[in-house]
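Enquirer: Kindly generate the corresponding structure for this input.
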Amino acid sequence: MTSRSEHDVVIIGGGHNGLTTAGYLSRAGLKTLVLERRGIVGGAAVTEEFYPGFRNSVCSYVVGLLHPNVVRDLELAAHGLDIIERTGTTLLPLPEGGAMFIPPSIEGTEREVQRFSPRDAERYRAFQDEIRSAADIIRDTLLETPPNLGGGFGDLLSLLKMGNRFRKLSTSRQESFVKLMTMSIGDYLNEWFECDPLKGHLAWDSIVGNMVSPYHPGSAYVLIHHVFGETNGKKGVWGHARGGMGAITQAMARSAEAKGAEIRVNSPVREVIVEKGVARGVVLEDGTVIRARAVAANVGPKLLYLKMMDPSSLDSEFIRQIESWRCRSGTFRMNVALSELPSFDGLDNIDNSVEPLNGGIHICSSLDYLERAYDDAKRGGWSEEPLVSMIIPSLCDDSLAPAGQHVASLFCQHFNPQLAGGRTWDEVKEGVADHVIATVNRYAPNFKSSILGRQVLSPLDLEREFGLVGGDIFHGALHLDQLWALRPAAGYAQYRGPLRNLYMCGSGTHPGGGVTGVPGHNAAREIIKDFRKRRLAA
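Expert: This is a model prediction of the structure:
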């Protein structure tokens with residue numbers, strides 16, 4: 001079956017960046033069509049019932065990086081988005097018993113760290129100042145189109161602008177920024193602190209979706225990537241979308257449709273139509289042909305260029321670059337339905353035992369723990385002592401579970417997408433899920449018995465169900481050679497593909513992954529500019 005449907009822009013993928021792109025394009029008066037493979041829009045930012053009566057965010061699970069301009073411009077609050085700020089204490093269970101409790105405030109953290117290391121407590125405020133300063137620098141670049149290496153005068157001006165920003169920093173700030181961009185998180189934290197639990201807690205953000213050793217050069221940057229956001233106008237604050245992460249993408253879809261965008265689900269794209277070096281539309285898996293003046297891809301670079309395009313239409317050197325694009329986040333994701341809250345050791349010694357459960361619960365007690373977890377996985381398997389981050393969103397959103405019961409999200413590292421010994425993830429994932437549950441149960445002995453049902457997503461499931469090649473939640477590792485002007489390849493950092501009328505609007509572009517909406521925002525700006533200046537091939 002074939003049909004011809006003329007559109008200004010057809011967007012491949014209805015994840016949050018595709019919907020963001022559609023929202024901006026439709027506001028600019030462009031006739032926009034979004035094609036989503038699954039039966040629901042949202043990509044990896046969706047809320048679904050996974051056990052009777054229990055709903056949760058399936059993949060992405062907390063809000064903290066969604067850009068305020070996107071929230072404002074797309075009028076997401078008016079379309080139903082409500083973000084609840086996370087005010088609880090972070091709980092770090094310790095292998096020898098007890099726990100470290102990290103409250104949201106610097107003053108509270110200083111008091112807690114004092115129990116473990118007076119020296120570290122004295123240094124903590126200066127450390128946070130350094131991190132926030134670096135995050136401010138990154139934040140200022142988010143909505144800017146990176147320069148293309150080897151480009152023209154405009155690209156040179158962009159480089160000079162960035163250099164001028166850096167020049168205005170004090171020498172000490174310049175030094176700290178360079179260190180955070182190049183050092184390993186392990187070496188960086190060892191320069192600051194001596195307390196193992198504190199270093200384990202702070203290192204967690206650097207290995208979220210980042211399957212590397214904590215001593216991998218450049219891993220400190222991923223910490224900054226997770227703190228440059230803001231929630232409800234407050235920098236560095238994380239929260240929950242009421243109704244789960246799907247509330248974000250549902251609001252985005254309503255916003256785009258209100259301005260005239262069309263969204264089709266159950267519409268998987270098979271290939272991009274290329275005629276004489278120009279992208280002219282797409283072909284769906286059922287053979288339907290949809291033609292458009294431009295194509296914008298909200299899928300990862302490897303999926304787009306190696307699976308959806310005829311390699312003869314692409315330059316061989318460009319193909320080599322994409323083949324070398326690293327996609328391996330080492331993520332294993334679980335949602336569990338609970339009959340009761342988990343009882344972690346040490347909670348009976350504090351006034352409000354629920355408060356730590358309303359923040360994050362991190363099983364990553366030291367840099368050595370992180371390194372052992374990576375060493376286990378890199379040999380083609382998974383961590384014997386996995387890294388686990390748990391949140392219980394039903395504590396602040398009672399729409400997710402029946403009264404008196406709860407849902408928990410478990411985000412786990414490190415789990416190699418490539419297993420040794422000829423094994424497949426379909427064969428081992430349930431046993432691995434049992435292993436993760438047993439790990440949590442060592443710290444909360446009632447956890448296993450409280451589980452009513454569970455949803456398990458291996459790296460293979462993340463690729464097969466959500467198009468995340470290698471199970472990579474960021475569409476490509478956030479390493480120095482895959483950032484900014486090199487994301488996804490030198491010469492193609494400005495959201496334009498290697499063919500005329502082809503654009504990229506997903507997390508494989510600057511500034512990378514996370515539910516930010518920024519790649520979609522920036523790509524839409526470039527698309528609108530090209531339409532207005534009549535730069536598209538006729």
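Enquirer: quick one: stretch 442-456 to chain centroid distance?
Expert: 26 Å (CA atoms, centre = their mean, to the nearest Å).
Enquirer: How about exporting that stretch as PDB, limited to the C-alpha atoms?
Expert: In PDB, the C-alpha atoms belonging to stretch 442-456 read as follows (Å, rounded to 0.1, in the frame of the first residue of the first chain):
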ATOM      1  CA  ARG A 442      20.700  -7.200  51.700                       C
ATOM      2  CA  TYR A 443      20.100  -3.600  52.800                       C
ATOM      3  CA  ALA A 444      16.300  -3.700  53.200                       C
ATOM      4  CA  PRO A 445      15.400  -7.300  54.300                       C
ATOM      5  CA  ASN A 446      11.600  -6.900  53.600                       C
ATOM      6  CA  PHE A 447      12.100  -5.800  50.000                       C
ATOM      7  CA  LYS A 448      11.900  -9.100  48.200                       C
ATOM      8  CA  SER A 449       8.900 -10.300  50.100                       C
ATOM      9  CA  SER A 450       7.000  -7.000  49.400                       C
ATOM     10  CA  ILE A 451       7.300  -7.300  45.600                       C
ATOM     11  CA  LEU A 452       3.900  -8.000  44.000                       C
ATOM     12  CA  GLY A 453       5.000  -7.600  40.400                       C
ATOM     13  CA  ARG A 454       7.900  -6.300  38.300                       C
ATOM     14  CA  GLN A 455       8.800  -5.000  34.900                       C
ATOM     15  CA  VAL A 456      12.300  -5.800  33.700                       C
END
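Enquirer: list the buried ones in it?
Expert: For stretch 442-456, burial by neighbour count (16 or more other CB atoms under 10 Å) applies to 443-444, 447, 450-452, 454-456. For every residue, glycine as well, the C-beta is placed using N, CA and C.
Enquirer: can you check stretch 168-184 too?
Expert: 173, 176-177, 180-181, 183-184.
Enquirer: same deal with stretch 250-270?
Expert: 250-257, 259, 261-263, 265, 267, 269.
Enquirer: From those residues, which land in helices?
Expert: 250-257 (DSSP state H).
Enquirer: if we take those residues, which one ends up nearest to residue 481?
Expert: residue 252 (31.2 Å; CB to CB).
Enquirer: Show me where the protein dips below the pLDDT cut-off.
Expert: Across the chain, residues meeting the criterion (pLDDT under 70) sit at 1-5, 348-353.
Enquirer: next one: phi and psi at residue 410?
Expert: phi -120, psi 110 (degrees, to the nearest 10).
Enquirer: For it, which non-adjacent residue is closest in space?
Expert: Nearest residue to residue 410, sequence neighbours excluded (CB to CB, 6 or more residues apart in numbering): residue 334, at 4.1 Å.
Enquirer: All the helices of the stretch 201-350 of the chain, residue numbers only.
Expert: 219-225, 246-258, 301-307, 316-323 (DSSP state H, counting those that start in this stretch).
Enquirer: Count the neighbours of residue 195 for me.
Expert: Residue 195: 21 surrounding residues under other CB atoms under 10 Å.
Enquirer: show me what contacts it?
Expert: 113, 116-117, 120 (CB atoms under 8 Å, 6 or more residues apart in numbering).
Enquirer: and the gap between it and residue 389?
Expert: 19 Å (CB to CB, to the nearest Å).
Enquirer: Repeat that for residue 267.
Expert: 34 Å.
Enquirer: try residue 155
Expert: For residue 155, the distance to residue 389 - CB to CB - is 39 Å.
Enquirer: and if you look at residue 107?
Expert: With CB to CB as the criterion, residue 107 and residue 389 are 24 Å apart.
Enquirer: Who has more neighbours out of those two?
Expert: residue 389 (20 against 10).
Enquirer: Residue 383 falls within a strand, correct?
Expert: Yes: using DSSP: H, G, I helix; E, B strand; the rest coil, the secondary structure at residue 383 is a strand.
Enquirer: what sits against it?
Expert: Contacts for residue 383 (CB under 8 Å, 6+ apart) come out as 372-374, 376-377, 413-415.
Enquirer: Which of the residues you listed fall in strands?
Expert: Under the assignment DSSP state E, the contacts of residue 383 contribute 413-415 to strands.
Enquirer: can you put these in TSV and add neighbour count and distance to residue 527?
Expert: Shown next, in TSV, are these (neighbours: other CB atoms under 10 Å; distance: CB to CB, whole Å):
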residue	neighbour count	distance to residue 527
413	26	35
414	27	37
415	28	36
